[in-house]
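A.B. asks: the sequence and its predicted three-dimensional model are supplied below.
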Amino acid sequence: MEKLMQRRGEVLARVHELRGSQVKPQDNGEKLDRDLAALHPTLPLKWLTSSLFATGTAFVGFLYNTGFSCYVSADGDDKWLFAAKSTTDGAVRWTLYKDSVGNLVINATIGGATFFFNWRNTTGACKLYDSYDKMTAQTWVQSGVFDGDTFQMQNADNKQLIGAWSNSDNELYNRTNIVRREFGFQFFDKEAFSADDKLIYSAFMKENGSIH
């Protein structure tokens, strides 16, 4: 993190210099925008609680499987979901909220299109789909590891939970025979953002309309 914070200072200095210059830029700033977006791990994050979820606010961040101590990522073009990333780098960036009737909605933007956390009706394998099936957030418990709550995600139709296939297989499924069913959600704490944080977050959202 120390090296990343040093990098943050260097990139932000270039951004401020460019923004403050009266000289027309010689390029479109594409690389610098990518460098700015890559600083997103320096942004303040906060863990979701049941009381925050109950407000219906939309939270942008990362889904975390507590059993594997990993964030949820998508596997290539097929978009199968795994609890596979030890950091937020490479994890799916989700928007999570409670809808007006109490359902849990989790979606991600990929290439300008919206995809939902969903599953195959046959195998139960979890995947990003462009359609939404009802989920609920159940069994909220205060975590003893991080400053937030864990919860379970349930298919509202069959009442089966989301979890991993086994203790050695981190692919996510909606079935009865799954383990490691507890999740947390770490979101960007916009209320704590500085002016520079807002620049980084804006670049991250613009440059990463994808699974990353």
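C.D. replies: Looks like it arrived, so ask away.
A.B. asks: all strands for the protein, in order.
C.D. replies: Secondary structure of the chain by DSSP state E: the strands cover 45-47, 59-65, 70-75, 80-85, 94-98, 104-110, 113-119, 126-129, 135-142, 149-155, 162-166, 169-174, 183-188.
A.B. asks: looking at those strands, which is closest to A195?
C.D. replies: strand 183-188 (15.1 Å; Cβ to Cβ). For every residue, glycine as well, the C-beta is placed using N, CA and C.
A.B. asks: on that earlier part again, dump the strands of the chain into TSV; add distance to L36, mean pLDDT and mean neighbour count as well.
C.D. replies: Shown next, in TSV, are the strands of the chain (distance: least, Cβ to Cβ, whole Å; pLDDT from 0 to 100; neighbours: other Cβ atoms under 10 Å):
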stretch	distance to L36	mean pLDDT	mean neighbour count
strand 45-47	18	98	17
strand 59-65	17	97	22
strand 70-75	22	96	22
strand 80-85	22	97	20
strand 94-98	21	97	19
strand 104-110	19	94	19
strand 113-119	24	95	18
strand 126-129	26	97	20
strand 135-142	33	98	16
strand 149-155	32	98	21
strand 162-166	34	98	20
strand 169-174	31	98	21
strand 183-188	15	98	22
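A.B. asks: out of those, flag the one nearest V11.
C.D. replies: Using Cβ to Cβ, these put strand 183-188 closest to V11, at 18.3 Å.
A.B. asks: packing partners of that closest one?
C.D. replies: Packing partners of strand 183-188 (3 or more Cβ pairs under 8 Å, 6 or more residues apart in numbering; DSSP states H and E): strand 45-47, strand 59-65, strand 94-98, strand 149-155.
A.B. asks: in this structure, where's the longest helix?
C.D. replies: Criterion DSSP state H: the longest helix present in the chain is helix 2-20.
A.B. asks: can you give me the buried ones in it?
C.D. replies: 8, 11-12, 15 (16 or more other Cβ atoms under 10 Å).
A.B. asks: what's the closest of those to M153?
C.D. replies: R8 (33.7 Å).
A.B. asks: per-residue confidence for the closest one?
C.D. replies: Note for R8: predicted pLDDT of 96.
A.B. asks: same check on S210?
C.D. replies: 46.
A.B. asks: distance to L199 for the helices and strands packed on strand 183-188 - can I get that in a markdown table?
C.D. replies: Shown next, in a markdown table, are these (distance: least, Cβ to Cβ, whole Å):
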| stretch | distance to L199 |
| --- | --- |
| strand 45-47 | 17 |
| strand 59-65 | 16 |
| strand 94-98 | 21 |
| strand 149-155 | 31 |
